[in-house]
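*Asks:* predicted model and sequence follow; I will ask about them next.
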Amino acid sequence: MAMGLHSSGGGRRGGRSRAPMAEINVTPLVDVMLVLLIIFMVTAPLLKAAVPIELPQSRAKAMSEEANEVTITLRRDGTIYFETVPLAPGELADRLASVPPGPGGKPPLVTLRADKALDYGRVMEVMGELNRAGFTSISLVTDVSSGSGG
């Protein structure tokens with residue numbers, strides 16, 4: 001029987017007893033944990049955008065996400081969402097005033113997601129309201145296009 005016991009020809013010699021070698025193999029556990037980590041890293045950014053809209057296409061490179069950011073979404077029907085909460089008309093300014101400043105006292109980054117069917121003037125109205133509230137760092141979100149047109 002080979003269970004990590006090393007026998008030397010007889011039961012007990014010299015009064016020494018041999019204990020079985022008990023080690024836990026953690027390699028499968030680490031493998032499973034790494035796979036789960038990769039799955040969560042891939043799916044976490046996809047869970048952030050909860051308001052479904054049709055974004056315009058762009059070939060711009062993706063920006064890194066910041067810990068302190070606010071997402072404003074404009075739907076095709078004109079509804080404005082603060083994160084995932086729909087706002088009543090005129091409520092955006094009040095909601096922006098309640099956003100706490102980030103580290104260093106500067107306002108957080110705003111990511112603006114607007115449906116591609118919206119009028120440019122409507123998007124600029126919301127950007128003007130953001131600017132009036134003191135949010136000057138605004139990122140416009142687009143879909144990455146895979147084509148090489150242009």
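*Replies:* Cool, the structure landed.
*Asks:* can we go C-alpha only for contacts and neighbour counts from here?
*Replies:* Noted.
*Asks:* after whichever helix in the chain runs longest, next one along is what?
*Replies:* Longest among the helix segments of the chain by residue count, using DSSP state H, is helix 27-48. Moving toward the C-terminus from helix 27-48, the next helix or strand (DSSP states H and E) is strand 57-58.
*Asks:* right, and the helix or strand after that following strand?
*Replies:* strand 69-74.
*Asks:* elements contacting that following strand?
*Replies:* If contacts are counted by 3 or more Cα pairs under 8 Å, 6 or more residues apart in numbering; DSSP states H and E, strand 69-74 sits against strand 80-82, strand 109-114.
*Asks:* where's it relative to the chain centroid, distance-wise?
*Replies:* With Cα atoms, centre = their mean, to the nearest Å as the basis, strand 69-74 stands 14 Å off its chain's centre.
*Asks:* partner strands of it and their direction?
*Replies:* strand 80-82 (antiparallel), strand 109-114 (parallel) (DSSP bridges).
*Asks:* of all these, which one is nearest residue 20?
*Replies:* Closest approach to residue 20 among those (Cα to Cα): strand 109-114, 59.4 Å.
*Asks:* contacts for the closest one?
*Replies:* 53-55, 66, 68-76, 123, 135, 137-142 (Cα atoms under 8 Å, 6 or more residues apart in numbering).
*Asks:* how about a cut-off of 7 Å?
*Replies:* 55, 68-75, 137-141 (Cα atoms under 7 Å, 6 or more residues apart in numbering).
*Asks:* and it, how far out from the chain middle?
*Replies:* The answer for strand 109-114 is 14 Å, by Cα atoms, centre = their mean.
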